[in-house]
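> sequence unknown, structure follows:
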C-alpha cells in the first residue's frame, strides 16, 4: 500500500471506515450474485489453495510410517500405494480388476475339477 493511502487510513474516522467496509462488502455480494457457476468454482478452488498453503506438516509419532499431522488432524500418505507410471489410479483399478478376474477363473476351475 502506498504511503499516501496509509496516511489516509490512519486519519479516517471509525464511521468512514465502517462505511468504506460496508461498500466493499456490498460490491463483493453483487459480484458473487452475478458470477456463473464456473466462476464460483474457480473462486472456491483459489480460496482452498490459499488456505492450504500455510499447512505445517508434522510427522505423527506412534501412528505408523505413513501418517502425518496437519493442524492436529491425522492424514495417511497414500503416494506409496500408487505406481510411478502415468495414470496411476487407472493402473490400480486395472490391476485390481485383473486380480478379481483371476480369482473368478481359479474358483471356476476348482468347481470344474471338484465335480
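Structure received. Keep in mind it's a predicted model, so treat the numbers as computed, not measured.
> mind showing which ranges of this protein have poor pLDDT?
Within the chain, the set of residues satisfying pLDDT under 70 comprises 1-2, 49-115.
> Recalculate using a threshold of 50.
Low-confidence segments of the chain (pLDDT under 50): 86, 88-89, 115.
> Following element in sequence after the helix or strand harbouring residue 28, please.
Assessed by DSSP states H and E, residue 28 sits inside helix 14-34. Next in sequence after helix 14-34, counting helices and strands by DSSP H and E, comes helix 37-52.
> got the angle between that next one and helix 14-34?
In terms of direction (axes from the mean of the first three to the mean of the last three C-alpha atoms, to 10 degrees), helix 37-52 departs from helix 14-34 by 130 degrees.
> which residues are in contact with helix 37-52?
The contact list for helix 37-52 (C-beta atoms under 8 Å, 6 or more residues apart in numbering) reads 32, 35. Every C-beta, even on glycine, is put in place using the N, C-alpha and C of the backbone.
> now with 6 Å?
Residues external to helix 37-52 that are found in contact with it (C-beta atoms under 6 Å, 6 or more residues apart in numbering): none.
> Could I get the buried residue list for the helix holding residue 28?
Buried residues in helix 14-34, defined by neighbour count with 16 or more other C-beta atoms under 10 Å: none.
> Run through the neighbouring helices and strands of it.
Contacting helix 14-34 under the criterion 3 or more C-beta pairs under 6 Å, 6 or more residues apart in numbering; DSSP states H and E is no other helix or strand.
> Now residue 12, what are its backbone angles?
Main-chain dihedrals, residue 12, degrees, to the nearest 10: phi -70, psi 150.
> Next, count neighbours for it.
Burial of residue 12 is recorded as 13 neighbouring residues (other C-beta atoms under 10 Å).
> Quick check: it vs residue 29, distance?
Look at residue 12 and residue 29: by C-beta to C-beta, to the nearest Å, they are 23 Å apart.
> repeat for residue 44
Per C-beta to C-beta, residue 44 is found 16 Å from residue 29.
> Same question for residue 40.
13 Å.
> next one: residue 23
Distance from residue 23 to residue 29, by C-beta to C-beta: 11 Å.
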